[in-house]
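Colleague: Just need the structure, nothing else, for what follows:
(2 chains)
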Amino acid sequence: MLVLFWTDALIFLLVGVVVVFALYARRREHLRTPWRQVARSGVAMGSLVVLGFYVTIGLLDSVHFRSALHTNGDHDQVQYANEILSVFDWLAAPLRARGEKTYSAPFAAYLYAKQTIDLPDGRQQRQFPRLKYGARHLHHPETEKTADILVTAMFAAGKGLVVWGVLCSALIAGLGKRRQQTFRSLYARMCAGRTTTRWRSMLFTLGVLIVIAFVAADLSLKYHIFGTDKVGEDVFYQALKSIRTGLVIGTLTALVMLPFAVLLGIMAGYFGGWVDDVIQYLYTTLSSIPGVLLIAAAVLILQVYLDNHADEFASAAERADLRLLFLCLILGVTSWTSLCRYLRGETLKLRGSDYIQAATALGVRHFTIITRHILPNVMHIVLITVVLDFSALVLAEAVLSYVQIGVDPTMNSWGNMINSARLEMAREPIVWWSLLSAFIFMFSLVLAANLFSDALRDAFDPRLRVQG
Amino acid sequence: MIAYIVRRTLYAVPILIGVNLLTFVLFFVVNTPDDIARSQLGDRRVTVQAIDTWKRSHGYHKPLFFNENASGPGKVTDTVFFDKSVRLFGFDFGRSDSGRDISYDIGQRMWPSLAIAVPTLVVGILVNITFGLVIVFFRGTYIDFWGVVTCVTLLSVSSLFYIIGGQYLLSKLFHLVPISGYDTGVNAFKFLLLPVVVGVISGIGSGTRWYRTLFLEEIGKDYVRTARAKGLSEQVVLFRHVLRNALIPILTGIVVVLPLLFMGSLIVESFFGVPGLGSYTIDAIQRQDFAIVRSMVFLGSVLYIIGLLLTDISYTVVDPRVRLQ
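Modeller: Below is the predicted model of the structure:
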């Protein structure tokens, strides 16, 4: 049985909007030109592949369902499990199910903490017990482990390379067929990096990612490659689950704030007069409250509401999801003001331009002028702002979770991972793996987003285009 | 000039009223005092009696906007709105939910916040401007390219990792400075060093990149070409002409954040255990002390509006071309 969370629905709405826009832009040359320029940047295309990887995992993690329980007897009534899973959970079932007792280091065969163990001869001894799942297949982990890890990784990398090779060949063959080029000439041009779209850097990044994914997948079946956390959950699994939270915060916030910012910003700039005064007053007031404090206030209020209405939610996951959505809303409220101010200024400039005066003189209605003449001319600002904001929002999530005004503590997120790991900093030896994996995942996502948004800004900003 | 300042100040009043109303609606209308009391007391097995006592002891028992039982001006002033919101305009923050005097606490905790925020800002700006100038001096070369790459890499790292990394490296590994804590007087130095260093480093990425764009924009202008045409060396052009002219946006950009320095940094202060206003706010958030959060929201807005005011004034002071309207 499919379960649709609020954020799931909005994510798929967003995907739909992006697809519709892509189809629309495909036909129109003036919309395609800046995208072509993005495609000519190798760094941007490499980043795009990384982002694609994250988005794929995020989308897989956004299809939720409750699996049917096998019931004997009458088949009309199917019982559903209480637990809500996502497609990603189902794919990563081995990771999810293999919990240890408590902390264990990456690739460890033994637990992090000493425990009292009953020896066969009846005596008791305090020692590090073997893990239930990590490195279980080895008899003598001390001697066999390194070799086993290397062999597994090599085999996995080989598999990854084969898959990558097949994918590349299929792509080159397909492209060659469309452009009526031979396989060899296209291959040679790609290797030399002489294609207009930077296929070489895309395919290279794809290859690296596929190899990493295969190695990680194969190794994580035998070991906990990023260790386990306090309650013994696999940290690699947590980090992967956190991708969805990060993406939701980064993208849905934009989706939530855009209608307000665009509508109000353009209205303020276009109509002027008292409309302008009211809207300016509105966003000055909102932006004069420090963002963190406004978020804190709002989340505290939500907390009180949830405390008092605990029985209205079917499950904890649903409550956590609502909190995530609310966080997106409130982040949207704090971040729409700058875009609104920017759009107002730009509309003010456009209003004085000749073609809009001509349209007004011809008696074109306000609504038509706004949608046909003003909106298309400010869209680049909207796009640049949204993409630039994305990485800032992903980083903000971690900070907010640390202040405990972020996502629900039960939800997987990088902020929660850092927050729980921080408490163990004082331990000796130090528990560093949660921090490291949160760092790796966050850093690569944010770096890719930053690099991509830079290229996008260069391509879409008309000021830069004239200069360059 | 004075008329301009007065007019700008008056313009800030409706905004403050708006902020005040908004916080009031957030804290008292969306959630009634009953809800707050219930969640403060722990929501189960709470009697009406207990809620009443809690509300009475914290001054939430009065009507929200209009008191029918009072007489004369008391009809308006003897209400929660007047007690909790209108009084904020006189910077009378009242007592926190745990019974402490908020104004006194703010006065005490302001100084540690400033002790961290001011050096971080000053050192950070100097470092960023230096790096920005160096990168611009070598523009179009590999140094420029790798400089920008380093900036983007640095700003992709969450600020939390700078703090954790700094604490781990300097305090735990090399034992140079204490991990966290605070002291008064000269002893404070060794506690302040790490937060300031971490604060400066975490700002390098975005700061340097911003100054680079600023300088690059400036370097394309006509007066720079004139200066080069006169035969001035690149160093003189950069330091005597570009830097001086770029100081206008730099200074006005700094002015807006100056008042907010009082508020301190939420994350840095709570990580390093500094008893400033930032950690004060965090503690209040975590203890769900609505009175403090409300006061800090108001204080933050006031300081931000003062910052905007100072920015406008500084524009007219620094750049005589900007006319007072």
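Colleague: ok, B:Val256 - contacts?
Modeller: B:304, B:307-308, B:310-311 (C-beta atoms under 8 Å, 6 or more residues apart in numbering or on different chains). Heads up, the C-betas are built off the backbone N, CA and C, glycines and all.
Colleague: Is chain B within reach of the helix or strand hosting A:Met267?
Modeller: According to DSSP states H and E, A:Met267 maps onto helix A:235-271. No: with C-beta under 8 Å from any C-beta of the partner chain as the criterion, chain B is not reached by helix A:235-271; the gap is at least 11.1 Å.
Colleague: Same question for the next helix or strand after that helix: list its buried residues.
Modeller: Remark: after helix A:235-271, the chain's next helix or strand is helix A:273-288, criterion DSSP H and E. The neighbour-count check on helix A:273-288 (16 or more other C-beta atoms under 10 Å in any protein chain shown) flags A:276, A:279, A:282-288 as buried.
Colleague: Repeat that for stretch B:222-241.
Modeller: B:224, B:227, B:237-238, B:241.
Colleague: and the helix holding A:Met267, average pLDDT?
Modeller: Taken as a whole, helix A:235-271 carries a mean pLDDT of 89.
Colleague: ok, now stretch A:140-159?
Modeller: 84.
Colleague: Which residue comes closest to A:Ser41 once chain neighbours are left out?
Modeller: The shortest distance from A:Ser41 to any non-neighbouring residue, by C-beta to C-beta, 6 or more residues apart in numbering or on different chains, is to A:Ala455 (4.4 Å).
Colleague: B:Met24: neighbouring residues, count only.
Modeller: Quick fix: residue B:24 reads Phe, not Met. With neighbours defined by other C-beta atoms under 10 Å in any protein chain shown, the count for B:Phe24 comes to 19.
Colleague: ok, it touching B:Thr79?
Modeller: No: counting by C-beta atoms under 8 Å, B:Phe24 sits too far from B:Thr79 to count as a contact (10.9 Å).
Colleague: residue ranges of the helices in the stretch 301-450 of chain A, please?
Modeller: Under the criterion DSSP state H, counting those that start in this stretch, helices of the stretch 301-450 of chain A are mapped to A:316-351, A:354-361, A:366-368, A:375-402, A:414-422, A:433-460.
Colleague: Could you do the stretch 101-250 of chain B as well?
Modeller: If DSSP H, counting those that start in this stretch is used as the criterion, the helices of the stretch 101-250 of chain B fall at B:102-137, B:142-155, B:159-166, B:188-219, B:222-229, B:234-236, B:243-255.
Colleague: Just the buried positions in the longest one, please.
Modeller: Okay, so that is helix B:102-137. Buried residues in helix B:102-137 (16+ other C-beta under 10 Å): B:102, B:105-106, B:109-110, B:112-117, B:119-121, B:124-125, B:127-129, B:131-133, B:135-137.
Colleague: Distance from the chain centre to the helix or strand containing B:Gln49, please.
Modeller: The secondary structure element spanning B:Gln49 is helix B:48-58 (assigned by DSSP H and E). Here helix B:48-58 is found 35 Å from its chain centre; the criterion is C-alpha atoms, centre = their mean, to the nearest Å.
Colleague: ok, and what's touching that helix?
Modeller: Contacts of helix B:48-58 (C-beta under 8 Å, 6+ apart): B:33-34, B:37-38, B:40-41, B:60-61, B:95, B:97, B:291.
Colleague: now swap in stretch B:206-222 and tell me
Modeller: A:467, B:124-125, B:127-129, B:131-133, B:135-136, B:139, B:147-148, B:151-152, B:155, B:224, B:238, B:242-243, B:245-246, B:249-250.
Colleague: Quick one: neighbours of residue 151, just the number.
Modeller: Picking chain A for this. 10.
Colleague: switch to chain B, that's the one I care about
Modeller: Neighbours of B:Cys151 (other C-beta under 10 Å): 23.
Colleague: Check the gap between the closest residue to it other than its chain neighbours and B:Ser156 for me.
Modeller: Excluding the flanking residues, the one nearest B:Cys151 by C-beta to C-beta, 6+ apart is B:Arg209, at 4.4 Å. B:Arg209 is 12 Å from B:Ser156, where distance means C-beta to C-beta, to the nearest Å.
Colleague: Same list (the buried residues of stretch B:222-241) but as a markdown table, adding pLDDT.
Modeller: As requested, the buried residues of stretch B:222-241 are arranged in a markdown table below (pLDDT from 0 to 100):
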| residue | pLDDT |
| --- | --- |
| B:Val224 | 90 |
| B:Ala227 | 90 |
| B:Val237 | 88 |
| B:Leu238 | 87 |
| B:His241 | 87 |
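Colleague: Once you drop chain neighbours, what's closest to the closest residue to chain B within the stretch 101-250 of chain A?
Modeller: Closest to chain B within the stretch 101-250 of chain A is A:Gly246: 11.1 Å, counting by C-beta to the nearest C-beta. Spatial nearest neighbour of A:Gly246, excluding adjacent residues (C-beta to C-beta, 6+ apart): A:Val394 at 4.8 Å.
Colleague: tell me the two of the buried residues of helix A:273-288 that are most distant?
Modeller: The distance between the two most remote of the buried residues of helix A:273-288 (C-beta to C-beta) is 18.0 Å, for A:Asp276 and A:Ser288.
Colleague: list the contacts for the residue of the stretch 101-250 of chain B found nearest chain A?
Modeller: Nearest residue of the stretch 101-250 of chain B to chain A: B:Ser156, at 4.1 Å (C-beta to the nearest C-beta). Under the criterion of C-beta under 8 Å, 6+ apart, the contact partners of B:Ser156 comprise A:391, A:443, A:446-447, A:450, B:205.
Colleague: Also A:Met190?
Modeller: Neighbouring residues of A:Met190 by C-beta under 8 Å, 6+ apart: A:172, A:199-200, A:203.
Colleague: OK, contacts around the one residue sitting closest to the centre of chain B?
Modeller: Among the residues of chain B, the one closest to the centroid is B:Leu260, at 3.7 Å (C-alpha atoms, centre = their mean). Counting by C-beta under 8 Å, 6+ apart, B:Leu260 makes contact with A:290, B:300, B:303-304, B:307.
Colleague: Among those residues, which one sits closest to A:Val49?
Modeller: Among the contacts of B:Leu260, and counting by C-beta to C-beta, the member closest to A:Val49 is A:Pro290, at 37.5 Å.
Colleague: just checking, that closest one touches B:Phe298?
Modeller: No: taking contacts as C-beta under 8 Å, A:Pro290 lies outside contact range of B:Phe298: 10.5 Å.
Colleague: about what we covered before: can you put the contacts of B:Leu260 in CSV and add secondary structure, distance to A:Leu263 and pLDDT?
Modeller: CSV is the format used below for these (DSSP: H, G, I helix; E, B strand; the rest coil; distance: C-beta to C-beta, whole Å; pLDDT from 0 to 100):
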residue, secondary structure, distance to A:Leu263, pLDDT
A:Pro290, coil, 25, 81
B:Gly300, helix, 28, 87
B:Leu303, helix, 30, 89
B:Tyr304, helix, 25, 88
B:Gly307, helix, 28, 88
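Colleague: Excluding chain neighbours, give the residue nearest to the residue most central in space within chain A in space.
Modeller: By C-alpha atoms, centre = their mean, chain A has its centre lying nearest to A:Leu247, at 2.6 Å. Distance criterion C-beta to C-beta, 6+ apart; nearest residue to A:Leu247, sequence neighbours excluded, is A:Gly58 at 4.1 Å.
Colleague: can you pull the contacts of the one you found?
Modeller: Counted by C-beta under 8 Å, 6+ apart, A:Gly58 has contacts A:11, A:243-244, A:247-248.
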